[in-house]
Structures are given as structure tokens and as C-alpha cells.
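**Student:** Compute the structure for the input listed below.
(chains A, B and C, ligands or ions: 3)
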Amino acid sequence: MELEYQGIMVWVEQRDGVAKPVSWQLIGQARRMAEKIGAEVYALVQGEQVEHLAREAICYGADRAYLIEHPVLREYRTEPYSVSTLDVIRQVKPEIVLIGATYQGRDLAGAIATHLPTGLTADTTMLDVEPNPSRLLLASRPAFSEKLMATILCKKYKPQMATARPGIFEALPRDDSRTGQIIRVPFDMKEDDIATKVLKFYQDEDRVNLEDAEVIVAGGRGMGGPEGFAALKQLADLLGGVVGASRPCVDEEWISHAHQVGQTGKTVRPKLYIAVGISGAVQHTIGMTGSDVIVAINKDPNAPIFDVAHYGIVGDWQEVVPELIKAVSAGKPAAAATGGASR
Amino acid sequence: MSERFDAIVVGAGPAGTAAALTMARGGLNVIVIERGEFPGAKNVFGGVLYRHHFEELIPEWWTRAPLERPIVEQNYWLLNGDGAVKIGHRSRRYLDGKPNNFTAMRAKFDRWFAQQAEEAGALIICETTATELLMEGDRVIGVRTDRDEGDVYAEAVIIADGANSLLTQQLRARPELSPGELSLVVKQTLALPREKIEDRFGLEKDEGATIEILGAPSQGMVGLGFLYTNKDSLSLGLGIMVDDLMATGARPYELLEAMKQHPALRKLLQGAELKEYAAHLIPEGGLRAMPKLAGPGWMICGDAAGMVNAVHREGTNLAAASGRMAGEAVVTMARSGDFTPEGFQAYARAVQASFIQRDLAKYQRLPAFLHEHKELLMGRMPEALNDCLYEWFNVDERPKTEHQRQIAQNIKGMAGGAWGLLRLASRGWRAINE
Amino acid sequence: MHIVVCVKQVPDSREIRIDTKTGTLIREGVPSIVNPYDLHGLEAALQLREQHGGRVTVITMGPPMAEKALKETISLGADDAVLVTDRKFGGADTLATSYVLAEAIRKAADTWGPVDLVIAGKQTLDGDTGQVGPGIACRLGLQQLTYVEKIVAVEGRRIRVERRLEDGLEVVETSLPALLTVLKEINTVRRASLPGMIAAARYKPIVWTVADFPDIDVTKIGLKGSPTVVSRSWVPEVRKVDTTYVDGAAELWEALWATDLPERLGWSAEEGA
Ligand SMILES: Cc1cc2nc3c(=O)[nH]c(=O)nc-3n(C[C@H](O)[C@H](O)[C@H](O)COP(=O)(O)OP(=O)(O)OC[C@H]3O[C@@H](n4cnc5c(N)ncnc54)[C@H](O)[C@@H]3O)c2cc1C
Ligand SMILES: Cc1cc2nc3c(=O)[nH]c(=O)nc-3n(C[C@H](O)[C@H](O)[C@H](O)COP(=O)(O)OP(=O)(O)OC[C@H]3O[C@@H](n4cnc5c(N)ncnc54)[C@H](O)[C@@H]3O)c2cc1C
Ligand SMILES: Nc1ncnc2c1ncn2[C@@H]1O[C@H](COP(=O)(O)O)[C@@H](O)[C@H]1O
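**Tutor:** Ligands and ions are numbered 1, 2, ... in the order given. The predicted structure follows:
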């Protein structure tokens, strides 16, 4: 049976030739869905001198990478990006299009879904497909501040589109031996015809790579002020990790937004997450329950954070954290059996 | 340039709204300044609205207003540590034709009531607090609010800002209220399914009951508890005179929690879920604490003027009636175009001639009486009455004469002998009969 | 300058609770508010009007009770507020919503003069998609600048803004007419003045129904014009894990060493982590 629309296309977001992790995460998820219905995974790579990303997309699980290189695509701008994306979608006719729910991703998705036109589900955290013959995209997303989940379908329009939250889906391990096809798509647009100009980009000064961190020491309102975060920083440094925070700390300006974990912050999955003085509201835990080992330090034994924590200390951080810093500085505890027991 | 109105009303409680409604219907340009997010948003009362005085403003209002339950049964409970003497009355007569009173929620009722004034043409401005009266000599000419360009001017200002009236203080219309003239009420709204309410209180569908609670819960202080049935919740509260609270350092919400544990109440409340918690002042000074009611450019209505009849838990009706009278006085002045000090005094005279003044005068000695005998009335008496009824109902080897002697002794004992009892009864009688 | 601001009335999601038995929203008692981001959009428009003159028109699509939200925008200083309301508009997803709003903006241009700028919020508290803004831009052929944190300048027919991105700020310029979606950081919303409150209390929003749009394509509006449907909703389960409680930092450190973490994180015996 020949379907008019076939395959799952993932938009590869990049800046300066470096792809955003969510792109590979979505290719991973697309791969898992594609196996279920026997479809192919396509990557769409746009930019100037980004051929290497097309190659990378294949290493991360794409069967084919559509590549558009053009000077006007050097930086993301709605107009040239949506025109070239629409070109590809109209030619290739994928049945599903997935885009990272980043600022740029949402900007692009909103524009092209309207042009096509088709339905678009925003900010999904679960993606699945119904088996043949329906091949419907089951796009699920949280609603009302994570209090409810809803599955949204788009039955009558193709492609079915969704943006997906970064950090939720797992990328496949990069496999350099994978092969696939890179298809160059011609594109032409004159710079003079584009009204929007990107004048400058200011990188945030307080940068922290929460998404790739292996250890995160996160503080909440219980830290009581910016001073508490100095201790957390010390602990994080000792553990080779970075500092995270709950939203109130960001709202109070104890720490910058770049450190926020949760619904309106980052979704993280480190190997070790230490939550200090965080109560464990869903809007926070949604962003960290993917961590391998979660430790909670909270003086309230009933704090919901203990529901998701593998290890808990009921106590005041002002006592516990300095002790922990001491213990970690001292190195391997004498009493410890050497590793192995895995979770 | 700020706009000039015929009248400004401060506060959209029953008093302010009644005044605004009356004036708007009289064709006046009226603005109401209300600090809540909407009228009633933060307003608290125990829960009983009486039909009569609102009917004078809106005939058949109760068929349209958001109300909880018409009341068919009203009770007084006198509690000691574990017992309860219950006196009450239940009759379908309260419901016949037009119900006499209803339980209600102020957030819903005040909002609805204010809507009636709005529909009549009054402008209701919420989330805006009146911060001071604007004066010209000794005449009030407007109100300052907490917003930018926030002054408004009018021929008449009606002060209806409730128990803790800042504007009344600014006018020095009376000495500042003393703690002995205010009670602090804490109230909880407890959610409970309708059927459970009806089963537990022995009510037919949609009927309501009230219980006023005296004795142990106030721990010897002058105070009163209450438990009222709403549609699918209960209103439970306890009010204590502020001077007693200050003297004992007792915490009202702890007293309320303790009251919930009383054996007579515990089962009625079981499983009910706390929905709301509120606290509010009631001016209980009565007639003696009433301020001057009017002066050039101003009038004071409702709680701001101390118009509460605590014995009969009346307040909203006095508020609505006084608001109407104030509104009528302004309409009369506007008709003649003459806003003389005399015209404002017409309101004070109307209050004096009405049930408000008569009822408050009747009880004017009561606050002092309660205060003087609080150990007895709030403590020993409920205790003794519980003991008496225990003797009466308890059957054991002792002869009836002995039981009854014990009862008589209990009664005399609580009041310090037969003479004491007589004296107390006569003082009490006078306290509620001028 | 004629600026159109799109606002939506939303239930205050912070106060919404879920009936865990039925998995449905308990909307009772939940206050309706103007979507917070949209108020920042309005504030941005008012500030531009103060600098450049012109008018601010507010448009909402929603049920009749959304009038209250419109009055709030009048109290803050909007010149006019339009309620686009009709049973037939109900049940719209973002595609159908952006269609109707685009048509309404066209009509606003016919009524009050050409529109130079449309401002929407970053996203709504209830729909929470951020798609309606781009949808409108696309339908009206406007330049689209999303996630704006600062309007740097409007000079002639050009507008320069700072856009927020995950890792920094982008300074972008485009030509008018354009559509912006704005973040809270863009400004502090003013408090209405008393004359503003009085004007709002007296104001009757302009109402447009389907009949006011003779050329509208009825297959593109409301439920019928919405490609997406909610097929099911449920209350997410909290992942409960067995928590091992330890007494203090030293014990915790020992416990962590007993897992596979030291190996996976490369903790070495001598120097600790
Ligand atoms: C739309 C929306 C989006 C949101 N997005 C996010 C988001 O992305 N990220 C996020 O984090 N939140 C988010 N929130 C907010 C979230 O609902 C919670 O309010 C927030 O996570 C609570 O932060 P907290 O745990 O630090 O503070 P609190 O809830 O105040 O908890 C502080 C904790 O510290 C403990 N504590 C206090 N003192 C000490 C001490 N000395 N030692 C040890 N423990 C102590 C207390 O027992 C308490 O458990 C969002 C909310 C909404 C409505
Ligand atoms: C616990 C409790 C139980 C009660 N039980 C009953 C009962 O069962 N039956 C009964 O009839 N009465 C009862 N009362 C009394 C009754 O509630 C009051 O008498 C009545 O509400 C008085 O009406 P009002 O309009 O004068 O004042 P309020 O209802 O207090 O209204 C005053 C209004 O003014 C507003 N306001 C205050 N200051 C300002 C300002 N500066 N600027 C702008 N606005 C302002 C307030 O927000 C409020 O809306 C009870 C009272 C309490 C506290
Ligand atoms: N029904 C509506 N009426 C007016 N504006 C809307 C409506 N729905 C969404 N918007 C605008 O579009 C923005 C994004 O909404 P959403 O895509 O629902 O997150 C909002 O902040 C509003 O500015």
C-alpha cells in the first residue's frame, strides 16, 4: 500500500553549526516510533555550512537527512526558515513532523502549521504512534501547570505536527557506522527580500549546562537566600557537577534563570540529583524525575520531594550540607564497600 | 480633571450597596469605592440574612439572590466540658410563604446585591481603597483613593466601610473603639455533602438549621460560637471579645479547633473538609459606642456606625436599612438641590425613629452586664445547667427528692445563693430592657 | 501607530485543582483573569502609544463573560476593546483561533485604520501553546518576532527588539507591520488610575459575531475548523520510589558509594569525588 504521507521528519535546530540536543533526542524518539509502523526517519538540516550536521543526524538514527545550505539561513529567522521548511515538507510529505519546543522551534512550528495548514500539538512530553493502519500520532502534553495530561490527535490533516519539550526523550547513542542518505535541497532567497535582520546575539553570562550535567546540586526556597547557594556551589564543584534551582529562587533573583529546573526551566536527567530545601511541587519534579539517583535534603519529613527521592535526609541543610562537603572532601569513606550495586 | 458625583459610597457591603441602590434609583450619579477584588470578596459573616429589610429594597429578592438554605430550626447549645444543654425551636412556620431568614455566603450575596445597584446605574469601582476624606473646612467634599489621580468629589459621602472604619476615625465622630467594644470572630467554612448535612441535622431537602453555642468553648471569656448549615458546607465560628483575648493571650483559632473536638460537635463535623478560613471584627459596643451619624457632607451607616444587634445576630439588616435611609436622605437633598447640614441630619433622625435605634437602646446595658458576670454566664452557668439536667435524667439508687435538691443547690451555687440568683436575674432583665 | 493587542481571559491555573477520581478540572471558584503575558503586551502597546501617538485596540475571542477582561484593558488605557464572540467560534484550537483573530484584526484595520503592530502574549495559561501569535502573523503576512523581552526602538517603519533565547538574547530588527509575542520581563504592568477605572466601569465593549464577518469561511472556525482533538486526559501519577532514609551526611556519602555511581561518575578512592 502506497501512503501519500510517509515518514517522520525531525527539525534539527542549530546555532553556529552546533545542534541543540533536543534534535537528537527527537530523532531517537522518532526512530522508536518509526519501528512500530515501519516508517523512515528524516532529519531536516538548515543553515550555512552545516553538512556535518546532516551526517550527525544519521549517526543519531535518521535514515535520510534533507540538507539546505544557504547564506540567508546562517541565523534562524522565521521567514527563510519557514519557506525552506515548507518546501521540504511539501516535497517529501512526511506523515509526522517533530520540532523541539525551544523558543526558535515554537516560532517555526507555529508558522508552518498555519501555512500548511495542519494541527500542531505544543510542548509534548509523550509521543507515540498507533500501529498500522491508523499510524496516528499520539501526542501527549501536560496541561494546567502539569496537573493534567492530555493526548491530542490530529486525524484529518497531514502531516501531524508536534513540538516536544527538550530533555524528555532520550537520544540514541551516536553510531558513526550508521549509513543513510543525505539529500541536498536547492533553495534560493535573496537577503534583500528578507525584512528581518539579526543584529547581534548576547550569550548569557551565567551559563550552565544543566542538560548535560552528570551531577546537579539543586537548591529551593528552603535555602533562604543567595548565600545558601554558595555552599551548594562548593558541593557541586567537589562532585564535578553544577547548581540547579527551583523557581522561587529564580523569582527572588538568588540565582539566574539558566539554573532553573522544571516545567518553565530545564528538564534534566543527571546521574545524581541532590535536591536541597525543595518541597517537590510537580512543576519542579517533572523536570528532574528522570535522574538516575535522587537525594532529598529537607527538614519537613512530609515534603513530597521524598516521594521521588531514592535517598532522603530529614534535616536542616545548614547542618547537613557542610557535613556533606566535609565527607565528600575526605574522599571515599572507610566503611564503604566498593561500588557495583546498581539501581 | 476629576469628575464630580452626586454621591460617593465607601464600601460595597450591605450598607453601602443599599445606599447606592437607593440613590441610583433616585436618578443620582453615584460611585461606590470598594477595596475588595469584587464586592464581598473578603466579607465575612456568620451566615444569616433576614428577609425583611432587604425586601424593602428589592421585593422578592430572595427568589433571585444566591442563598444557601432557608432556616427551619434554630438552637442554643450550652456546653460544658463534655455535655450540652440544647434548647431550640423548629417549625415550618419559618418557611411558610416567605421564609424569614436564610444562611448565605457573603462573597456570593454581596456580589449579587452590588450587581443590582450597578444595574440601577451606580458605578462600582473595585480594588480601590479609600484612604481619606477630602475636607473643605468642616465639610466633607470627597474621598481620596489609593490610585493615581485618585481623588473624587461629591455632594455627599456615605461611609459604609465596616467595623474597622478608618474614615469614621478621621472624622473623630466617636472616640476610638476600645477592645471591650469589639469581638474578634474566627470562622471556618467546612465542605460536607448535602445529604450528609441533611441527615446529620435532621433536615428535609434544602432546609437549614442554626446553632448558637455558649459556654465551654469561650473558656470563661465573653464569646459565642456558631454552627450554620449551608448548601454543601457548614459555617463554624467562634467570636470572643477582644479585651478578653488580650487579657488571656488566648488564640482564637486554637479555641475554635478545641471547640471542634467537643463531643456534641465532633460527629456533626466529621469528615468535613476545610475550605476557607477567615477572621473579622464585630462592633459590639451597641448604642453607647455609636458615633455621630451625620455631619456636613457625610453620613455613616452599618457596621461603621456600630449598628449590630449581637443578641439576635443581626447586622446585615441594620446595615441595609441604615444604608437605605442614608440614600433616601441624599435623594431628598438632591431633589431640592440643597445639601445643607440639616439635610444630612435627616438621616440621623430617620435612624433614631427606626427599629435600629429602638433595638439597640433596648440592649444598651447588655455589654456591661455580660462583662461583669462573664465567669458566671460563660462558665458556671452552662456548667450548672448541664449538672442539673444530668441529675434530672440520671436514674440511680438515690430518691428523686435528693436529685432535685441537688439541682436546686446547683442553681443557687452558681449564682452565690438564692439572693445572688435573684439579683442576677433582675440585672439581666434590666440589661435587655433599657 | 495603530497597535492591536490580543488578550485572552483564562482561568487562573494556579488555583485550578483536579478531581483525582474523575480526572477532570474543578473550575468552580477558580477566578478568571486576563492572561498575564497579555497584560504585558498591553503595557508595551500603551508605552509605544505614549512615545509615538496613535491608538491601542484590544481584541479577544471568547465567551460573553470575557467582557470583564476587556474592561480591565480599558481601565489600563486601551482606546477600544472588541469581543469576538459567537457559539460558532467555540471549541477552536490554535489554528481556528488564529484564523478568527486575523479576520478580526483585518476588520479592526477597516474600522480604525491600518494596523502597524499586533502584540500577543508569549502563551496562555490554559492553552499554553504560544502558537496563536505566529498563526496570526502567518495569516496576515506580518513579520513575526516572538519572545520579545525588550522593544529597543521604533524608527520609521522599522522596529528593533531583543528576543529571549535559551542561552542568550538576540537583537533583531524588522519592518512594520509586524507581530510581537512578549514575555513578562518586557515591562511592569501599570496599575489603573481612578479615571481609568471609572472609564472601564462605564465602557461597553464592542461585540462582533459571525454575522459581522460576511466573508468568513465557516469551515475554518470553531470546532469544525480545528484539526486537533483531545482524545483523553488523565492525572499524571507521581512516580513514587522507595526512599532509603539516612541519618546524616556521612551515612549518605557511604550509601552513595555503595551504588554504581562512583564507577559511573569516575569517583576515585584517593581524592574522593
Ligand atoms: C505555571 C507554573 C510553572 C512553574 N514552573 C516551575 C519550574 O519550572 N520549576 C520550579 O521549580 N517550580 C515551578 N513552579 C513553581 C512550583 O509550583 C513550586 O512553587 C516551586 O517548585 C516550589 O519551590 P521550592 O520547593 O523551592 O519552595 P517551597 O515549596 O517553599 O519549599 C521549600 C522547602 O524547603 C524546606 N526547607 C526550609 N528550610 C529548610 C532548611 N533550613 N533545611 C532544609 N529544608 C528546608 C521546606 O520544608 C520546604 O519543603 C511553577 C509553577 C507554576 C504555576
Ligand atoms: C463572624 C460574623 C458573623 C456575623 N453573623 C451575622 C449574621 O448571622 N447575620 C447578620 O445579619 N449579621 C451578621 N454579622 C454582622 C454583619 O456581617 C455586619 O453587620 C454587616 O456586614 C455590616 O455591613 P456593612 O455594609 O456595614 O459592612 P461590611 O459588610 O463590613 O462592608 C464594608 C465594605 O467596605 C469595604 N471597605 C472597607 N474599608 C474600605 C476602604 N477604606 N475603602 C474601600 N472599601 C472599604 C470592605 O471591603 C467591605 O466590602 C456577623 C459578623 C461577623 C463578623
Ligand atoms: N481567544 C483568544 N483571543 C485573543 N487572543 C488570544 C486568544 N487565544 C490566544 N490569544 C493570544 O495568543 C497568545 C498565545 O496564546 P496560546 O497560543 O493559546 O498560548 C496569547 O497570549 C494571546 O495574546
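**Student:** by contact count, what packs against the longest helix along chain C?
**Tutor:** As assigned by DSSP state H, the longest helix anywhere in chain C is helix C:94-112. Helix C:94-112 sits against helix A:103-115, strand A:120-124, strand C:2-6, strand C:55-61, strand C:80-84, helix C:132-140, with contacts defined as 3 or more C-beta pairs under 8 Å, 6 or more residues apart in numbering or on different chains; DSSP states H and E. Placement of C-beta: from N, CA and C, glycine included.
**Student:** which stretches of chain C have low pLDDT?
**Tutor:** Along chain C, the model assigns pLDDT under 70 to residues C:20, C:23, C:269-273.
**Student:** How about the residues of it by ligand 1?
**Tutor:** With C-beta under 6 Å from any ligand atom as the criterion, chain C meets ligand 1 at residues C:R14.
**Student:** who does the helix or strand harbouring A:I152 pair up with?
**Tutor:** Using DSSP states H and E, A:I152 falls within strand A:148-154. Applying DSSP bridges to the sheet, strand A:148-154 is found paired with strand A:137-143 (antiparallel), strand C:228-234 (antiparallel).
**Student:** if we can go back for a sec, out of the helices and strands packed on helix C:94-112, flag the one nearest ligand 2.
**Tutor:** strand C:80-84 (26.0 Å; C-beta to the nearest ligand atom).
**Student:** So if we follow the domain assignment, how does chain C break up?
**Tutor:** C:2-220, C:240-273 (automatic domain parsing).
**Student:** right, is the first one up against ligand 3?
**Tutor:** Read that as domain C:2-220. Yes: residues of domain C:2-220 contacting ligand 3 under C-beta under 6 Å from any ligand atom: C:6-8, C:35, C:37-38, C:41, C:59-62, C:94, C:97, C:101, C:120-121, C:123-124, C:127-133.
**Student:** any idea where the helices of the stretch 1-150 of chain A begin and end?
**Tutor:** In the stretch 1-150 of chain A, the helices defined using DSSP state H, counting those that start in this stretch lie at A:21-37, A:51-59, A:78-92, A:103-115.
**Student:** Which of those helices has the highest mean neighbour count?
**Tutor:** helix A:103-115 (a mean of 26; mean count of other C-beta atoms under 10 Å in any protein chain shown).
**Student:** is it true that B:N75 touches B:A84?
**Tutor:** No: if you go by C-beta atoms under 8 Å, B:N75 and B:A84 don't touch, sitting 9.9 Å apart.
**Student:** Residues contacting stretch C:27-41, please?
**Tutor:** Applying C-beta atoms under 8 Å, 6 or more residues apart in numbering or on different chains, the contact partners of stretch C:27-41 are B:37, C:5-12, C:15-16, C:65, C:68-69, C:72-73, C:76, C:119-125, C:180-184, C:186-187, C:189.
**Student:** distance of A:H259 from ligand 2?
**Tutor:** When distance is defined by C-beta to the nearest ligand atom, to the nearest Å, A:H259 is 41 Å away from ligand 2.
**Student:** count of residues packed around that residue?
**Tutor:** Using other C-beta atoms under 10 Å in any protein chain shown, A:H259 has 23 neighbouring residues.
**Student:** mind putting the strands paired with strand A:148-154 in CSV, distance to ligand 3 included?
**Tutor:** Shown next, in CSV, are the strands paired with strand A:148-154 (distance: least, C-beta to the nearest ligand atom, whole Å):
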stretch, distance to ligand 3
strand A:137-143, 12
strand C:228-234, 12
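**Student:** Of the residues of domain C:2-220 next to ligand 3, keep whichever come out buried.
**Tutor:** C:6-8, C:35, C:37-38, C:41, C:59-62, C:94, C:97, C:101, C:120-121, C:123-124, C:127-133 (16 or more other C-beta atoms under 10 Å in any protein chain shown).
**Student:** State the distance from the residue of chain A found nearest chain B to A:V314.
**Tutor:** Ranked by C-beta to the nearest C-beta, the top residue of chain A for proximity to chain B is A:N302, at 17.3 Å. Distance from A:N302 to A:V314, counting by C-beta to C-beta, to the nearest Å: 10 Å.
**Student:** Of these two, give the one with the bigger neighbour count.
**Tutor:** Using other C-beta under 10 Å as the criterion, A:N302 and A:V314 rank with A:V314 on top: 17 against 9.
**Student:** Give me the neighbour count for the spatially closest residue to the more buried one that is not a sequence neighbour.
**Tutor:** Leaving aside its sequence neighbours, A:V314 sits nearest to A:P301 (C-beta to C-beta, 6 or more residues apart in numbering or on different chains; 4.7 Å). For A:P301, the neighbour count with other C-beta under 10 Å is 10.
**Student:** which SS state does A:P301 fall under?
**Tutor:** coil (DSSP: H, G, I helix; E, B strand; the rest coil).
**Student:** Bridge partners for B:E132, pull those for me.
**Tutor:** Those that pair with B:E132 in a beta bridge, by DSSP bridges, are B:R144.
**Student:** Tell me who's in contact with it.
**Tutor:** B:143-144, B:167, B:170.
**Student:** Out of these, which is nearest to B:M333?
**Tutor:** B:V143 (18.0 Å; C-beta to C-beta).
**Student:** who touches the closest one in this structure?
**Tutor:** B:8, B:10, B:33, B:130, B:132-134, B:151-152, B:154, B:157.
**Student:** Secondary structure and pLDDT for those - can I get that in a markdown table?
**Tutor:** Shown next, in a markdown table, are these (DSSP: H, G, I helix; E, B strand; the rest coil; pLDDT from 0 to 100):
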| residue | secondary structure | pLDDT |
| --- | --- | --- |
| B:I8 | strand | 98 |
| B:V10 | strand | 98 |
| B:I33 | strand | 98 |
| B:A130 | strand | 97 |
| B:E132 | strand | 96 |
| B:L133 | strand | 96 |
| B:L134 | strand | 96 |
| B:D151 | strand | 96 |
| B:V152 | strand | 96 |
| B:A154 | strand | 97 |
| B:V157 | strand | 98 |
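**Student:** Buried ones among the residues you listed?
**Tutor:** Judged by 16+ other C-beta under 10 Å, buried ones among the contacts of B:V143: B:8, B:10, B:33, B:130, B:133-134, B:152, B:154, B:157.
**Student:** Could you single out the nearest of the residues you listed to B:N410?
**Tutor:** Distances from B:N410 to the buried ones among the contacts of B:V143, taken by C-beta to C-beta, are shortest for B:V10, at 51.6 Å.
**Student:** Would you confirm that C:I221 contacts C:L101?
**Tutor:** No: counting by C-beta under 8 Å, C:I221 does not reach C:L101; the two are 10.9 Å apart.
**Student:** Now for C:A249: which residues touch it?
**Tutor:** Counted by C-beta under 8 Å, 6+ apart, C:A249 has contacts A:313, A:320-321, A:323-324, A:326-327.
**Student:** Now B:T210: phi and psi?
**Tutor:** phi -130, psi 150 (degrees, to the nearest 10).
**Student:** just checking, it touches B:F226?
**Tutor:** Yes: look at B:T210 against B:F226 with C-beta under 8 Å: they come within range, at 7.0 Å.
**Student:** more neighbours, the two?
**Tutor:** Between B:T210 and B:F226, B:T210 has the larger neighbour count (other C-beta under 10 Å), namely 24 against 20.
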